[in-house]
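>>> need a 3D model of the following:
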Amino acid sequence: MLRRVAVVCGFVFLSVGLAFTQANGKLQIHHIDIGQGDGAVLISPGGQVVVFDAGEDMRTHDCTKQVSYLDQLGVKHIDYLYVSHYHFDHIGCVPAVLGQFPLLNDAMDRGLSYPGSTYTNYVNAVGTHRRTGVVGGTLTLDKNSSNPVLITIVAVDGKSRNGSVQTSNENDLSLAALVSFGSFKEEIGGDLSGDNTQMYQDVETPVAPDVGRINVYKVHHHCSSHSTNDTWLADTQPAVGIISTGVGNDYGHPAADCLERLHTHNVKAYWTETGNGAAPEPGLDTIGGNIIVEVAPGAASYTITYNGTHVDTYPMGNPVIPPGVTGSGSPAPTATTPKYAWSKKSSQYHLATCRFVQNISPDNLQEGDTPPSGKTLHKNCPQ
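Residues are numbered from 1 along each chain as shown. Sure, this is the predicted structure:
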């Protein structure tokens with residue numbers, strides 16, 4: 001019996017040790033630029049890893065961006081997976097991601113089933129880890145810490161604490177989660193709808209009171225016309241909106257009316273790409289590639305990092321700080337372009353012109369005019 005306990009303790013120690021390879025003591029939420037698709041990874045201050053969706057870009061159906069990004073962070077495994085719904089741009093790369101980074105615990109989704117091979121491949125990839133999310137279900141990360149991270153399901157299958165919306169639209173059925181860390185909150189809700197039409201039903205309005213005021217809003221449905229209604233924005237009052245959208249997408253995302261609602265409610269929007277809808281408005285919209293949210297324990301502010309090294313700082317109280325200005329009022333740092341770039345946690349290095357360099361977290365980015373020792377050049381670099 002004592003021998004069994006010793007083995008278990010050893011396993012726990014090993015898992016914690018691996019987790020800390022990507023931790024920096026802050027809450028990190030990385031919104032990965034994967035084109036017209038969705039994918040985000042949360043890393044708790046203690047190093048637990050949670051993935052929110054892992055979709056394919058509608059143009060390339062390529063999964064290397066997510067896999068490369070996680071590798072550059074030093075991720076070895078994924079602790080939990082949250083899937084909003086079963087469209088390919090949200091789950092298409094789950095098999096590739098889990099094939100590289102094993103899932104240790106639950107994969108939370110909306111339950112039931114969906115036609116097509118993309119859904120079948122997802123179900124096969126998560127296997128016995130699959131669980132059906134329930135409204136109010138809460139996951140606690142860093143349980144033994146004085147600064148835990150909470151992830152609470154606020155909507156699933158059109159249901160919330162305020163009732164149930166009858167809908168069969170896959171977007172409306174999205175699982176939505178609220179991330180809480182001290183006084184900081186971010187909502188991530190897949191393609192949740194906020195419009196009543198022949199195709200869509202308004203799920204945002206009944207969910208909004210449960211969410212309450214948030215700092216960061218992962219904009220629903222890539223900022224489509226059918227998302228982000230005025231009631232939602234008035235109830236949640238985010239300072240920052242993050243839009244996952246791809247160049248040349250077929251859907252006209254982000255839509256002009258969605259952006260107008262964000263701007264009217266004083267939300268500063270960060271886009272992963274320029275999309276194929278309305279044009280960005282200077283001072284209100286920023287095209288930023290990978291968008292990284294970071295919050296230190298007990299901090300009075302949080303940061304948004306974009307385009308590699310540019311940082312905007314926002315106070316928890318949510319007043320908007322002009323783009324390109326940090327909390328101290330000094331200009332954000334400007335990116336430089338040396339000959340080589342690499343992650344200190346990866347075994348590969350890149351030419352500075354390689355597109356994979358943008359996947360490297362600012363905390364891990366190292367640069368130089370000579371190749372780093374002990375690392376190999378990324379295959380086919382630059383790409």
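
>>> what about residue 150, which helix or strand?
strand 149-155 (DSSP states H and E).

>>> what does whatever helix or strand comes next after that strand contact?
Following strand 149-155 in sequence order, the next helix or strand is strand 159-160 (DSSP H and E). By C-beta atoms under 8 Å, 6 or more residues apart in numbering, the list of residues contacting strand 159-160 from outside reads 135, 154, 165, 203, 206, 207, 210. The way it works is simple: take the backbone N, C-alpha and C, and place the C-beta from them, glycine included.

>>> please apply the same query to stretch 356-366.
Contacts with stretch 356-366, where a contact means C-beta under 8 Å, 6+ apart, come from 24, 28, 30, 32-33, 65, 68-69, 72-74, 289-290, 292, 305, 307-309, 341-346, 350, 372, 378, 381, 383.

>>> out of those residues, which are buried?
Buried members of the contacts of stretch 356-366, counted by 16 or more other C-beta atoms under 10 Å: 28, 30, 32-33, 65, 68-69, 72-74, 289-290, 292, 305, 307-308, 341-343, 345-346, 350, 378, 381.

>>> ok, the residue lying closest to residue 272 once chain neighbours are set aside - contacts?
The shortest distance from residue 272 to any residue other than its chain neighbours is 4.0 Å, reached at residue 33 (C-beta to C-beta, 6 or more residues apart in numbering). Under the criterion of C-beta under 8 Å, 6+ apart, the contact partners of residue 33 comprise 65, 244, 272, 273, 289, 290, 291, 358.

>>> do that again at 6 Å, thanks
Applying C-beta atoms under 6 Å, 6 or more residues apart in numbering to residue 33 gives the contacts 272, 289, 290.

>>> and the spatially most central residue of the chain, its phi and psi?
Centroid-nearest residue in the chain: residue 40, 2.4 Å away (criterion: C-alpha atoms, centre = their mean). Torsion angles at residue 40 (phi, psi; degrees, to the nearest 10) stand at phi -140, psi 150.

>>> if we can go back for a sec, the contacts of strand 159-160 in strands, which ones?
When strands are assigned by DSSP state E, the members of those inside them are residue 154.

>>> save the contacts of strand 159-160 as CSV, and put in neighbour count too.
Shown next, in CSV, are the contacts of strand 159-160 (neighbours: other C-beta atoms under 10 Å):
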residue, neighbour count
135, 19
154, 24
165, 22
203, 31
206, 18
207, 27
210, 17
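
>>> let me know the closest of the contacts of strand 159-160 to residue 59.
Proximity of those to residue 59 (C-beta to C-beta) peaks at residue 203, which lies at 28.2 Å.

>>> now, the buried ones among the contacts of stretch 356-366 that are in strands?
Using DSSP E, the members of the buried ones among the contacts of stretch 356-366 that fall within strands are 28, 30, 292, 305, 341, 342, 343, 350.

>>> biggest separation within those, which pair?
By the measure C-beta to C-beta, those have their two most distant members at 28 and 350, which lie 21.7 Å apart.

>>> check contacts around residue 285.
With C-beta under 6 Å, 6+ apart as the criterion, the residues that contact residue 285 are residue 269.

>>> got the phi and psi for it?
Dihedral angles phi and psi of residue 285 (degrees, to the nearest 10) take the values phi -130, psi 140.

>>> dig out what it forms beta bridges with.
According to DSSP bridges, residue 269 are recorded as the beta-bridge partners of residue 285.

>>> picking up where we left off before, distance of the residue nearest to the centre of the chain relative to residue 290?
Using C-beta to C-beta, to the nearest Å, residue 40 is found at 10 Å from residue 290.

>>> ok so, going back, strand partners (parallel or antiparallel) of the strand holding residue 150?
The sheet places strand 149-155 alongside strand 138-141 (antiparallel), strand 176-181 (antiparallel), with pairing taken from DSSP bridges.

>>> and for the nearest residue to residue 245 once chain neighbours are set aside, the neighbour number?
Of all residues beyond its chain neighbours, the one nearest residue 245 is residue 275 (3.7 Å), with distances taken as C-beta to C-beta, 6+ apart. Using other C-beta atoms under 10 Å, the number of residues around residue 275 comes to 27.

>>> next, the contact list for residue 275, please.
Contacts for residue 275 were tallied using C-beta under 6 Å, 6+ apart; they are 245, 253, 254.

>>> what is the nearest of these to residue 198?
residue 253 (20.0 Å).

>>> for residue 91, report the pLDDT, please.
In the predicted model, residue 91 carries a pLDDT score of 98.

>>> tell me the SS of the residue nearest to it when sequence neighbours are not counted?
Nearest residue to residue 91, sequence neighbours excluded (C-beta to C-beta, 6+ apart): residue 122, at 4.5 Å. Taken by DSSP: H, G, I helix; E, B strand; the rest coil, the conformation at residue 122 corresponds to helix.

>>> wait, residue 122 touches residue 93, no?
No: in this structure residue 122 lies outside contact range of residue 93 using C-beta atoms under 6 Å: 9.6 Å.

>>> more neighbours, those two?
residue 93 (29 against 26).

>>> residue 26 versus that one, what's the distance?
With distances taken as C-beta to C-beta, residue 93 is found 26 Å from residue 26.

>>> re the thing from before, could you look up the SS state of the residue nearest to residue 245?
Using three-state DSSP, the structure places residue 275 in coil.

>>> mind listing the strands for the stretch 101-250 of the chain?
Under the criterion DSSP state E, counting those that start in this stretch, the stretch 101-250 of the chain carries strands at the ranges 107-109, 130-132, 138-141, 149-155, 159-160, 163-164, 176-181, 184-188, 216-218, 240-243.
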